[in-house]
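In: Return atomic coordinates for the entry below.
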Amino acid sequence: MKKIIAAWDEGTRLWTATSEDIPGLRAQAETFEELCERLPGLAAGLLSAGRDPVPLEILARRRALAYPGQPLSAPVMGGSKEASKMTLKIDFTSQFSLSGNKLEADCPKCGHRVKFTLDQVGGSIACPGCKGAIELVD
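Out: Now for the predicted structure:
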């Protein structure tokens, strides 16, 4: 099995994949899912020709902060639908950008850049990347 490491790069805002098992492999994409779709074809082009498929293990690495008392961001066994909502806390220590009445921040689940307005804070929106519900709290 060939191991590929995919890591989120906050500077470029892209997922970057490399592999010690597949020399020359380097790929970037805006989402982890998009990167996973590209990798098998790229890996096949770099591996020596053969007839048998080569299994790939794609591992994702991303750093995050866990805040005490933070609501659950994934459904739990027997949990309610409300427990599966993701919460994006808007404060001045969060990484977000503000332009007029419009804000941008990262989805807590998939990292996709989410756009919203100040008027939407206090409600919830859908992430365009993973389609998950994001509760916007201040």
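In: Need the three-state assignment for Gly50.
Out: Going by DSSP: H, G, I helix; E, B strand; the rest coil, the secondary structure assigned to Gly50 is coil.
In: Could you report the separation of the residue most central in space within the chain from Ser19?
Out: Most central in the chain under Cα atoms, centre = their mean is Cys110, positioned 2.8 Å from the mean C-alpha point. Separation of Cys110 from Ser19 (Cβ to Cβ, to the nearest Å): 22 Å. Placement of C-beta: from N, CA and C, glycine included.
In: before we move on, what about Trp8?
Out: Distance from Trp8 to Ser19, by Cβ to Cβ: 17 Å.
In: Then Leu35?
Out: In this view, Leu35 and Ser19 are 12 Å apart by Cβ to Cβ.
In: Arg38 belongs to a helix, doesn't it?
Out: Yes. According to three-state DSSP, Arg38 belongs to a helix.
In: So for it, what's the pLDDT?
Out: pLDDT recorded at Arg38 is 90.
In: Also the one 3 residues further on?
Out: What the model reports as pLDDT for Gly41 is 89.
In: could you measure it against Glu135, distance?
Out: 37 Å.
In: More neighbours: the two, which one.
Out: Using other Cβ atoms under 10 Å as the criterion, Gly41 and Glu135 rank with Glu135 on top: 18 against 9.
In: What's opposite the more buried one in the beta bridge?
Out: Counting by DSSP bridges, Glu135 forms beta bridges with Thr87, Ser124.
In: State the separation between stretch 117-126 and the centre of the chain it belongs to.
Out: Centroid displacement of stretch 117-126 relative to its chain, using Cα atoms, centre = their mean, to the nearest Å, is 20 Å.
In: Buried residues of that stretch, list them for me.
Out: Along stretch 117-126, these residues count as buried under the neighbour rule (16 or more other Cβ atoms under 10 Å): 124-125.
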